[in-house]
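# Predicted model, plus sequence, below.
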Amino acid sequence: MLIIRNVTMNDLPDLVIIEHICFPIEEAATEAALKKRIQFIPDSFFVAEEGGVIVGLVNGPVIEREFITDDLFEEIKKNPAFGGHQTVLGVAVTPHFQTRGVATALLLHLEKEAKAKERESITLTCKEDLIRFYENLGYHNRGVSKSEHGGVTWYNMIKKLQ
């Protein structure tokens with residue numbers, strides 16, 4: 001059975017492995033970046049576990065603007081108690097658990113938490129091949145992002161919550 005819970009610092013070694021399995025090195029969050037996210041935004045950083053093993057993660061800070069900017073991958077501060085825009089900087093699922101609904105479950109859990117804290121929207125960037133996945137979850141494509149993260153083309157996706 002899939003369990004989704006808030007991250008703890010004990011999860012760090014597993015999260016580093018998942019990031020590096022799921023993303024090219026230029027895009028994967030570093031151990032230092034993940035550690036900072038665990039320290040500053042544990043309220044919007046969730047892991048999915050099955051049988052006591054972490055199989056996926058979702059995380060991102062709450063920001064004042066509607067779209068993600070590249071500085072967020074390095075600079076993170078604590079989330080406001082209410083309001084703002086929930087970002088998704090990372091969603092990753094180990095290959096063995098992909099196509100089993102784990103990413104969807106993580107995103108829906110993040111959305112439930114964001115609604116409870118009266119966030120205006122959830123905002124993320126994705127590559128072209130994932131646009132349809134996010135559209136099926138109610139996100140709207142707002143075109144090419146200014147992000148240059150990892151040297152690839154990203155699309156701004158947003159889901160209004162209010």
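Arrived safely.
# Where do the helices of this structure begin and end?
Ranges of helices in the chain, per DSSP state H, are 12-22, 31-40, 102-116, 131-136.
# could you dump those to a markdown table with mean neighbour count, distance to Gly90 and mean pLDDT?
(Each C-beta comes from the backbone N, C-alpha and C, glycine too.) Conversion of the helices of the chain to a markdown table gives the following (neighbours: other CB atoms under 10 Å; distance: least, CB to CB, whole Å; pLDDT from 0 to 100):
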| stretch | mean neighbour count | distance to Gly90 | mean pLDDT |
| --- | --- | --- | --- |
| helix 12-22 | 17 | 7 | 97 |
| helix 31-40 | 17 | 8 | 96 |
| helix 102-116 | 17 | 10 | 98 |
| helix 131-136 | 14 | 14 | 97 |
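# out of those helices, nearest to Leu124?
For the helices of the chain, proximity to Leu124 was assessed by CB to CB; helix 131-136 is nearest, at 7.2 Å.
# list the helices and strands that closest one packs on?
Packing partners of helix 131-136 (3 or more CB pairs under 8 Å, 6 or more residues apart in numbering; DSSP states H and E): strand 121-126, strand 140-144, strand 155-160.
# related to what we said a few turns ago, which of the helices of the chain sits closest to Val58?
Among the helices of the chain, the nearest to Val58 by CB to CB is helix 102-116 (4.0 Å).
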